[in-house]
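>>> Predicted model, plus sequence, below.
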Amino acid sequence: FYIVSGCESSLHLTFEKATVAVDSIFKSLRDITSARMHMKQFNSVHVLGSNTCQATYKPLLKQVVEEIFNSDRPDPVDIEHISAGLTDLLKTGFSMFMKVSRPHPKDHPLLILYMVGGVTVSEVRMVRDLISAHKPGIQVIMLSSTLLTPLNIPELLFATDHLQPDIGI
């Protein structure tokens, strides 16, 4: 409660403080959304509903993993392969003149996912379940900057100044 409103208890909460807190929450949510606006495919976690079904939430991590293992699209739109060595650079250069397909993440026996900002235990389980459903033989290493809990997610989202991070200096 203190993280979002700045008040020790609801007794000290005024209408003005509540309005400022709600405006701050929505500003943070808009900033998070704008960080993904340049993406063509992963720009929303909201799946529109229709007359017969309601709108749903589809986590970004689930979208990424499903896209990696989607066999309908050979080249993912928002997932890029970055060449690492000299031979890869030569292949990339010759691909302008010849029909050379880029490597696809699902073609490798090892998938490394790194979540900047943290990952929850339920997200790790979701990735494990998705991988076992799509391609059971693949090995997945999931790394993260922190293991998130339900208590520290609101603090990281709404109370941390992401433009002026505390880097310990």
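Great, that's in hand.
>>> how about the strands in this structure?
Assigned by DSSP state E, the chain shows strands spanning 46-47, 56-57, 110-115, 139-144.
>>> quick one, which of those strands is packed in tightest?
Neighbour counts (mean count of other Cβ atoms under 10 Å) averaged over each of those peak at strand 110-115, with a mean of 14. For the C-beta atoms, the positions are set from N, CA and C on the backbone; glycine is no exception.
>>> Which residues does that one contact?
Residues outside strand 110-115 that contact it (Cβ atoms under 8 Å, 6 or more residues apart in numbering): 61, 65, 68, 105, 123, 127, 131, 138-145.
>>> and what of stretch 120-134?
Contacts of stretch 120-134 (Cβ under 8 Å, 6+ apart): 59, 61-62, 65-66, 69, 111, 113, 115, 138, 140, 142, 147-150, 153.
>>> Save the strands of the chain as JSON lines, and put in distance to Leu13 and mean pLDDT too.
Converted to JSON lines, the strands of the chain look like this (distance: least, Cβ to Cβ, whole Å; pLDDT from 0 to 100):
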{"stretch": "strand 46-47", "distance to Leu13": "30", "mean pLDDT": "80"}
{"stretch": "strand 56-57", "distance to Leu13": "28", "mean pLDDT": "86"}
{"stretch": "strand 110-115", "distance to Leu13": "34", "mean pLDDT": "86"}
{"stretch": "strand 139-144", "distance to Leu13": "34", "mean pLDDT": "89"}
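>>> now those in TSV, with distance to His12?
Converted to TSV, the strands of the chain look like this (distance: least, Cβ to Cβ, whole Å):
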stretch	distance to His12
strand 46-47	34
strand 56-57	33
strand 110-115	36
strand 139-144	36
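>>> Can you say which of those strands is nearest to Asp31?
Proximity to Asp31 (Cβ to Cβ) singles out strand 46-47 among those, at 16.4 Å.
>>> any low-confidence regions in the protein?
Applying pLDDT under 70 to the chain flags the ranges 1-11, 71, 73-76, 78, 80-104, 158-169.
>>> Please enumerate the helices of it.
Under the criterion DSSP state H, the chain carries helices at the ranges 2-5, 15-34, 60-68, 86-94, 121-134, 153-154.
>>> If any of the contacts of stretch 120-134 are buried, put those into a ChimeraX selection.
Those of these that count as buried under 16 or more other Cβ atoms under 10 Å are selected in ChimeraX with:
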select :61,62,65,69,111,113,115,138,140,142,148
